[in-house]
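1. following is a predicted model, sequence given first.
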Amino acid sequence: METMRKSVLYSREAIRGRVLELGEEVSSAYEGQNLVVIGVLKGAFIFMADLIRALRIPCRIDFVRLASYGSGTETSGRIELTKDIETDIAGKDVLIVEDIVDTGLTLTYLVENLQARSPRSLKVCAFIDKKLRRKVPFEADFVGFTMDDGFVVGYGLDFDEQGRFLPDVCVLNAEK
Ligand code: PRP
């Protein structure tokens, strides 16, 4: 990845501004409620850290990790929970925090899995929504940025585990 050209898509300033707005949207939606924020590892860890600090309501946090089996950058649809939450979410208001919705397969699986545990409510906040790439219909309740195709790294997002540390979100250009 170091040798690939990349250009800034969302600057750290733009991200900061949008995350503050999202914090306000989420806070308004959950006023006075019992919020549990569940981050999807690994990609969502930076976004979630910023988002919860932009909330003006208290929350508890937990994490899941999912493995999707497929080739290269595509998920195959075969998804497994490899790290579960440690929180009882029955009767709670749950917000899943994800870095990217792409085909929609990962979140469709996770929502169904968590819904079976009878939360009071279950919503999804995605940092980036690649709407055009869906294989299954999926709508996130809160979205930071919407983009078309293109491979992005930074702000937690990786390309083959590289680039998560970058403070801006950058698009990778295929040609060197
Ligand atoms: C990415 C992303 C989502 C999923 C979205 O995870 O973080 O979890 O893919 O894809 P989908 O909508 O096509 O299912 P990845 O497997 O790259 O793991 P990571 O978060 O550890 O980088």
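-> Structure received.

2. this structure: helices as residue ranges?
-> 12-29, 45-53, 105-115 (DSSP state H).

3. which parts of this structure sit against the ligand?
-> Neighbours of the ligand within the chain, by Cβ under 6 Å from any ligand atom: 40-43, 68, 75, 98-106, 158. From N, CA and C alone the C-beta is placed, and that goes for glycine too.

4. and with 8 Å instead?
-> 40-44, 65-68, 73-75, 79, 98-109, 130, 133-135, 138, 156-158, 161, 164 (Cβ under 8 Å from any ligand atom).

5. related to what we said a few turns ago, right, and the helices of the chain - which one's nearest residue 147?
-> Comparing the helices of the chain against residue 147 with Cβ to Cβ, the closest turns out to be helix 12-29 (12.6 Å).

6. tell me where the model's unsure across the protein.
-> Applying pLDDT under 70 to the chain flags the ranges 1-3, 70-77, 175-176.

7. what would the helices of the chain look like in TSV with distance to residue 4?
-> Output for those, formatted as TSV (distance: least, Cβ to Cβ, whole Å):
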stretch	distance to residue 4
helix 12-29	20
helix 45-53	21
helix 105-115	25
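
8. single out the most deeply packed of those.
-> Comparing these by mean neighbour count (mean count of other Cβ atoms under 10 Å), helix 45-53 comes out on top with a mean of 19.
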